[in-house]
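Asker: Below: sequence and its predicted model.
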Amino acid sequence: MPEPTLRPMVPADLPKLRQLFESSFGHRRDEAYDQWRYLRTPDGLAPTVVAVEDSRFAGSYTVSPTALEIGGERVRGAQSLDTMTHPDFRGRGLFTKLALACFERLAADGYEVLYGFPNPMSFPGFVRRLNWDHVTDVPYWARPILPLEGKPEPLPGLSGLLSRVLFRSPGGGPEVRTDRPPAERIDALIASHTGSKDLCRIHRDASWYAWRYGPPGQRSYEWLTAYDRNEAIGFAVIGSDVARPRGGEVQLCELIGSPAARVALVRAAVKVCYEASRKSLRTLTNDPEVIEALRPNGFFRRRVTPLIVKPLTARHFRANLHDANAWRIVGGDLDVF
């Protein structure tokens, strides 16, 4: 049986990539989202290698270009995203071949570090066959809002009572408004409240936020800003599924600011969720400063997701990529979050 031809993706391949996604996972994503994710990253086209046999797409491997901060140094990196193999071509080692071809191309183009959050099906392949390092497990955190939303309640109003009494948030603190700070203030707050020494994290600035929280279609994002005497001292971003205006979960994607601002912002996010009759507010983070704001607002730890890392260069970085304590991850770092 002839081997599929491996080649880089071009923009005209998007319709076939969407077909491959549907064949691989059994559902179709919003086309506008796929255009944003594959064609409109901050670095342009998302690096993707496709396997083609007789004009059919047998598989693909995609990464999303992502600037990293490693010990305060800006490093060219990428997040591992879709790994797809058409059912007719499974069992032929395409996953490994596509990944290695993509890694070779990325290294030649100057990428230095890859990271990802694999699902249980792909995790063994990354670690055992592709030599990724399982650095740590990043916890999910959840805060019930209306836990019985959408379900029959044993007593009228019980869901709201549980939310208000069992998970009461502390009062006081900075004023929080539902607006977005100007770009220059976003950058100033990141510089003031995002440590870098000996740490590894995804690089953020105002332009990155504009892209990350500007995708069309599936998601809706809301900004919250904390103020002290009309000066922005922190901000948060929360996201929800536009198809579910009531019920469902809301994601806390970003949280930056002083300790008091972070607590107030999480409290405000809880209030927004309660007023919108949401079931819960959740996030993903191992950042101690973010966790300090979650706990007093009624969050508890749930399951975890693995963080894996693969350097594409042998050079020495200013922070240890393989140290679990070095990484700082928060909700918006996970592409599908």
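Answerer: Arrived safely.
Asker: Return the residues in contact with S23.
Answerer: Neighbour list for S23: 86-87 [criterion: Cβ atoms under 8 Å, 6 or more residues apart in numbering]. Using the backbone N, CA and C atoms, a C-beta is placed for each residue, glycine as well.
Asker: Doesn't R262 lie inside a helix?
Answerer: Yes: counting by DSSP: H, G, I helix; E, B strand; the rest coil, R262 falls inside a helix.
Asker: who's in contact with it?
Answerer: The contact partners of R262, by Cβ under 8 Å, 6+ apart, come to 234, 236, 255-256, 289-290, 292-293.
Asker: And for G239?
Answerer: Taking Cβ under 8 Å, 6+ apart as the test, what G239 contacts is 213, 219-222, 250-251, 253, 337.
Asker: so can I have JSON lines of the residues you listed showing distance to L98?
Answerer: Converted to JSON lines, these look like this (distance: Cβ to Cβ, whole Å):
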{"residue": "Y213", "distance to L98": "30"}
{"residue": "R219", "distance to L98": "28"}
{"residue": "S220", "distance to L98": "33"}
{"residue": "Y221", "distance to L98": "32"}
{"residue": "E222", "distance to L98": "37"}
{"residue": "V250", "distance to L98": "35"}
{"residue": "Q251", "distance to L98": "30"}
{"residue": "C253", "distance to L98": "30"}
{"residue": "F337", "distance to L98": "24"}
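Asker: What is the nearest of those to C102?
Answerer: Comparing the contacts of G239 against C102 with Cβ to Cβ places F337 closest, at 22.6 Å.
Asker: where does the stretch 201-337 of the chain dip in pLDDT?
Answerer: 216-217, 243-247, 335-337 (pLDDT under 70).
Asker: show me where it has helices.
Answerer: Along the stretch 201-337 of the chain, the stretches classed as helices by DSSP state H, counting those that start in this stretch are 206-212, 259-275, 288-294.
Asker: who's R282 bridged to?
Answerer: Beta bridges link R282 to A142, Q251, judged by DSSP bridges.
Asker: Surely it and P144 touch.
Answerer: No: counting by Cβ atoms under 8 Å, R282 stays clear of P144, with 9.8 Å between them.
Asker: and A101, helix, strand or coil?
Answerer: helix.
Asker: 17 is where my numbering starts, stick with that
Answerer: Taking 17 as the first residue, the last one we looked at is A117.
Asker: Measure how buried it is and give me the count.
Answerer: When neighbours are counted by other Cβ atoms under 10 Å, A117 registers 17.
Asker: on contacts alone, who are the packing partners of the strand ranked longest in the chain?
Answerer: What stands out as the longest strand in the chain, according to DSSP state E, is strand 72-86. Judged by 3 or more Cβ pairs under 8 Å, 6 or more residues apart in numbering; DSSP states H and E, strand 72-86 is in contact with helix 30-41, strand 64-69, strand 89-101, helix 110-124, strand 129-132, strand 216-218.
Asker: If we use 6 Å, what do you get?
Answerer: strand 64-69, strand 89-101, helix 110-124, strand 216-218 (3 or more Cβ pairs under 6 Å, 6 or more residues apart in numbering; DSSP states H and E).
Asker: In its sheet, which strands sit next to the second one, and in what direction?
Answerer: Spelled out, it's strand 89-101. Assessed with DSSP bridges, strand 89-101 is paired to strand 72-86 (antiparallel), strand 129-132 (parallel).
Asker: Contacts for stretch 208-218 next, please.
Answerer: 82, 85-88, 272-273, 335, 342-344, 349 (Cβ atoms under 6 Å, 6 or more residues apart in numbering).
Asker: And R298 and P160? Which one has more around it.
Answerer: P160 (22 against 18).
Asker: Pop out the phi and psi values for that one.
Answerer: Per-residue torsions, P160: phi -60, psi 140 (degrees, to the nearest 10).
Asker: okay but it is in contact with L297, surely?
Answerer: No: using Cβ atoms under 6 Å, P160 is not in contact with L297, being 8.4 Å away.
Asker: Next, find the distance separating the residue lying closest to W224 once chain neighbours are set aside from G347.
Answerer: Residue nearest to W224 in three dimensions, not counting chain neighbours: P58, with 6.6 Å by Cβ to Cβ, 6 or more residues apart in numbering. Using Cβ to Cβ, to the nearest Å, P58 is found at 19 Å from G347.
Asker: how about low-confidence regions in the stretch 67-216 of the chain?
Answerer: Within the stretch 67-216 of the chain, the stretches with pLDDT under 70 are 163-188.
Asker: thinking again about what came up before, list the residues that contact both of P160 and L297?
Answerer: Residues touching both P160 and L297 (Cβ under 6 Å, 6+ apart): none.
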